[in-house]
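Student: here's a sequence, model it:
(2 chains)
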2 protein chains.
Amino acid sequence: MSISSPFVVLSLDDAYELSFGALLRNGLDERHAAAVARSVVSGQRDECHSHGLYRLLVCVKGLRTGKINGNANPEVFDMSAALTRVDAHGGFSQVAFDVGAEHLVRKAKEVGIAALAINNCFHFSALWQEVEQLAELGVAAMAMTPSHSYVAPAGGNKPLLGTNPFAFGWPRPGKFPFVFDFATSMVARGDIELAKRKKEKIPFGWAVDQDGMPTDDPGRALEGAMLTFGSYKGSALSTMIELLAGPLLGDLMSFESQQVDAGAAITPFHGELLVAFSPQGFVGSKDGATANHERAESLFNAIVDQGARLPSQRRFEARAKAIREGVRIDRALYEDIRKL
Amino acid sequence: MSISSPFVVLSLDDAYELSFGALLRNGLDERHAAAVARSVVSGQRDECHSHGLYRLLVCVKGLRTGKINGNANPEVFDMSAALTRVDAHGGFSQVAFDVGAEHLVRKAKEVGIAALAINNCFHFSALWQEVEQLAELGVAAMAMTPSHSYVAPAGGNKPLLGTNPFAFGWPRPGKFPFVFDFATSMVARGDIELAKRKKEKIPFGWAVDQDGMPTDDPGRALEGAMLTFGSYKGSALSTMIELLAGPLLGDLMSFESQQVDAGAAITPFHGELLVAFSPQGFVGSKDGATANHERAESLFNAIVDQGARLPSQRRFEARAKAIREGVRIDRALYEDIRKL
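Tutor: Numbering: from 1, shown residues only, chains lettered A, B, ... in the order given. Predicted coordinates:
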């Protein structure tokens, strides 16, 4: 650990211990503290800073409202040969995911496709962590979740939809999986908050003001509504996510989660849907699956060979570096976390 | 039917008879001719002209190459409690979908989620037709399929991905379902071909030329590569569709379908993936499903109340008009179809 620089360099183990301790001191039981610490360290390691150690501050703020259940015991409901539901009972999503993932993977391998609903969870982690984990267990997987209502549907100008992320993972035996994870809003809400703090303009197209007019002022954007990516197509996808990870699961949509939040401004309370596919389900044999994996590799090669990148390439490069050299965080953030 | 105008107005029944007859005369058996005729009349009725009666010319061109099997007998494989595979045996997709849909819906209702693979089909129909039909049978559904390799991945400049449509339907008891269907390319290839025919420029951002430079020249765009919608997010979705409706099903990706086409320039030969969700699967009861349908309606109301439109609103309006007044087609197209 360096001493006098404005940064602190931590090994991944040290970053984990720092995170785990702060969470334990603030009301998470050991199981939740471990799962959340793993999650924020993964974000930091992969240089997804908005899902890195910085999130500990947001977690603890949420825990101090008393709304989040720090020792919730997620309950598994075996709904059918293909469906599993985990009630997170008001805890953070990570333990509920860990508990549900094994059922999801087992059922996907048994009947070819399976779905996992996580209900009643507080959710802030990046979905790539989950689909990557599922891909490493040998299944292709989608994940989606609503958030808070910050985003206008295409053609509208009032916040209604969430920033609603969609993630997908595809297993690549012997390699990092193919993984992507994107918000269906143009940008993350944090990007607009950051511009406001730095007194910078934002590009037109990210948001509209309260009157529905295009704005480059981040303050007016935050009072108005964010826009979806890809115009009406992104808006349609975002609406699908509201439906599939909301009413389909008997859980809250973004505007309902916002109402539950009631101004506390903590992380969304809602559900998440995961769908997993077995690579052997339709082809019926391990040999068939192997041949299909090889064909998928030919697509990845054709992408990379023309100078394009696979979606998570930068993240995996950051990971390799962090494993070698540790992660670097602002000294101020480090001190803030130690004081939590 | 009007006589001297440049247009012909046909009732939906007359449009069907015209289409059915043309397809029968060109080598489709009665079952395939009926399914394809229903499909093109639906497109015409909803004013999706690129999937309307005009498509009969494209179908017949394909049939005349001898590559498409006009009396294929789709074969159903019951893969598991949740999966069904239909081998279209080289015929058009519509009959294979009709044969598979009942299995897909039944299994989704039994185990909560189910998937249908259609293999070895020639495909040109709009996916909204299928997800709408599934939603009317009471399940939420996704559909996706690759096409021919016309589109560059984000960051690249060579055609590799298809225009890869993604469609979704959500049942609304007593109303038209919530349905969307979009290409993951910026626009349909037909839009660029049309601009070339009319000697018009296209907007920058639709495509790049053979050197990977942005172009507004439709001819150079067609020789180069189309771009995905929503930059790297659309590119990621398109890649997911290649994988899930390609290798996962043991079927062809867009660049492989292009190779099979070998310059014949007919409709893609490949697979399609459909995933269906029962609204009762996770909530376990009909009452729960009803409550969730009502919450979904509150989302649709909030979209419409702020002046935005639901994705298929224009299409359903066109349909109501077509049912009352019939469909209007160019006289030249009408004569061309009669001569087929």
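
Student: doesn't residue A:123 make contact with residue A:39?
Tutor: No - judged on Cβ atoms under 8 Å, residue A:39 makes no contact with residue A:123 at a distance of 10.7 Å. C-betas here are computed from N, CA, C, even on glycine.

Student: what residue lies at the spatial centre of chain A?
Tutor: Centroid-nearest residue in chain A, with Cα atoms, centre = their mean: residue A:126, separated by 1.9 Å.

Student: my guess is it contacts residue A:44. True?
Tutor: No - look at residue A:126 against residue A:44 with Cβ under 8 Å: they stay out of range, at 11.3 Å.

Student: for residue A:100, which residues are in contact?
Tutor: A:74, A:76, A:84, A:86, A:116, A:118, A:274 (Cβ atoms under 8 Å, 6 or more residues apart in numbering or on different chains).

Student: what's around residue A:215, how many residues?
Tutor: Neighbour count of residue A:215, defined by other Cβ atoms under 10 Å in any protein chain shown: 21.

Student: pLDDT wise, what is it at?
Tutor: pLDDT, residue A:215: 96.

Student: now swap in residue A:189 and tell me
Tutor: For residue A:189, pLDDT reads 86.

Student: skipping its backbone neighbours, what lies nearest it in space?
Tutor: Leaving out its chain neighbours, the residue that sits closest to residue A:189 by Cβ to Cβ, 6 or more residues apart in numbering or on different chains is residue A:150, at 5.6 Å.

Student: check whether that neighbour really touches residue A:163, as I assumed.
Tutor: Yes - if you go by Cβ under 8 Å, residue A:150 and residue A:163 touch, sitting 6.0 Å apart.

Student: so these two - more neighbours on which side?
Tutor: When neighbours are counted by other Cβ under 10 Å, residue A:150 and residue A:163 differ, and residue A:163 comes out ahead with 26 against 23.

Student: how far away is that one from residue A:313?
Tutor: Distance, residue A:163 to residue A:313, by Cβ to Cβ, to the nearest Å: 23 Å.

Student: residue A:234 now?
Tutor: 23 Å.

Student: residues of the stretch 1-150 of chain A that sit close to chain B?
Tutor: When proximity is defined as Cβ under 8 Å from any Cβ of the partner chain, the stretch 1-150 of chain A approaches chain B at A:79-83, A:85, A:110-115, A:117, A:140.

Student: rerun at 10 Å
Tutor: For the stretch 1-150 of chain A, the residues in contact with chain B (Cβ under 10 Å from any Cβ of the partner chain) are A:77, A:79-85, A:107-108, A:110-117, A:119, A:140, A:142, A:149.

Student: returning to that earlier point: what do residue A:39 and residue A:123 both touch?
Tutor: A:92-94, A:97 (Cβ atoms under 10 Å, 6 or more residues apart in numbering or on different chains).

Student: type out the PyMOL command that picks the buried ones from the contacts of residue A:100.
Tutor: Selection of buried members from those for PyMOL, criterion 16 or more other Cβ atoms under 10 Å in any protein chain shown:
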select buried, chain A and resi 74+84+86+116+118+274
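
Student: secondary structure and pLDDT for the contacts of residue A:100 - can I get that in TSV?
Tutor: As requested, those are arranged in TSV below (DSSP: H, G, I helix; E, B strand; the rest coil; pLDDT from 0 to 100):
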residue	secondary structure	pLDDT
A:74	coil	97
A:76	strand	98
A:84	strand	98
A:86	strand	98
A:116	strand	98
A:118	strand	97
A:274	strand	98
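
Student: hmm, residue A:185 is touching residue A:151, no?
Tutor: Yes - look at residue A:185 against residue A:151 with Cβ atoms under 10 Å: they come within range, at 4.9 Å.

Student: overlap in contacts of the two?
Tutor: A:161-164, A:207, A:225-229, A:234-235, A:238.

Student: near chain B, which of those show up?
Tutor: Okay, of those touching chain B (Cβ under 10 Å from any Cβ), that's A:161, A:225, A:228-229, A:234-235.

Student: quick check, nearest of these to chain B?
Tutor: Distance to chain B across these (Cβ to the nearest Cβ) is lowest for residue A:229, with 4.7 Å.

Student: and that closest one, what does it touch?
Tutor: By Cβ under 10 Å, 6+ apart, the residues touching residue A:229 are A:151, A:182-187, A:205-206, A:235, A:237-238, B:229-234.

Student: and for residue A:296?
Tutor: Counting by Cβ under 10 Å, 6+ apart, residue A:296 touches A:140, A:170-172, A:178, A:279, B:239, B:242-243, B:246-248, B:253.

Student: over to residue A:206?
Tutor: A:185-187, A:191-192, A:195, A:214-216, A:218, A:221, A:226-227, A:229.

Student: what about burial for the residues you listed, which qualify?
Tutor: Buried among the contacts of residue A:206 by 16+ other Cβ under 10 Å: A:185-187, A:191-192, A:195, A:215-216, A:218, A:221, A:226-227, A:229.

Student: quick check: of these, which lies closest to chain B?
Tutor: residue A:229 (4.7 Å).

Student: if you look at stretch A:314-324, does any of it touch chain B?
Tutor: No - between stretch A:314-324 and chain B, judged by Cβ under 10 Å from any Cβ, nothing touches; the nearest distance is 11.1 Å.

Student: could you give the mean pLDDT of that stretch?
Tutor: 96.

Student: so how far is stretch A:129-148 off the chain centroid?
Tutor: Taking the mean of its C-alpha atoms, stretch A:129-148 sits 9 Å from the chain's own mean (Cα atoms, centre = their mean, to the nearest Å).

Student: just the C-alphas of that stretch, formatted as CSV.
Tutor: What follows is stretch A:129-148 as a C-alpha-only set of coordinates in CSV (Å, rounded to 0.1, in the frame of the first residue of the first chain):
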residue,chain,number,x,y,z
GLN,A,129,-21.3,-10.4,-12.9
GLU,A,130,-24.3,-12.7,-12.8
VAL,A,131,-24.4,-13.7,-16.5
GLU,A,132,-20.6,-14.2,-16.5
GLN,A,133,-20.9,-16.5,-13.5
LEU,A,134,-23.7,-18.5,-15.2
ALA,A,135,-21.7,-18.7,-18.5
GLU,A,136,-18.8,-20.1,-16.5
LEU,A,137,-21.2,-22.7,-15.2
GLY,A,138,-21.9,-23.7,-18.8
VAL,A,139,-25.1,-22.0,-19.8
ALA,A,140,-26.0,-19.0,-22.0
ALA,A,141,-28.0,-16.5,-19.9
MET,A,142,-29.9,-13.3,-20.1
ALA,A,143,-30.5,-11.0,-17.1
MET,A,144,-32.7,-7.9,-16.8
THR,A,145,-34.1,-5.7,-14.1
PRO,A,146,-36.0,-2.4,-13.8
SER,A,147,-34.7,0.4,-11.6
HIS,A,148,-36.1,3.8,-10.7
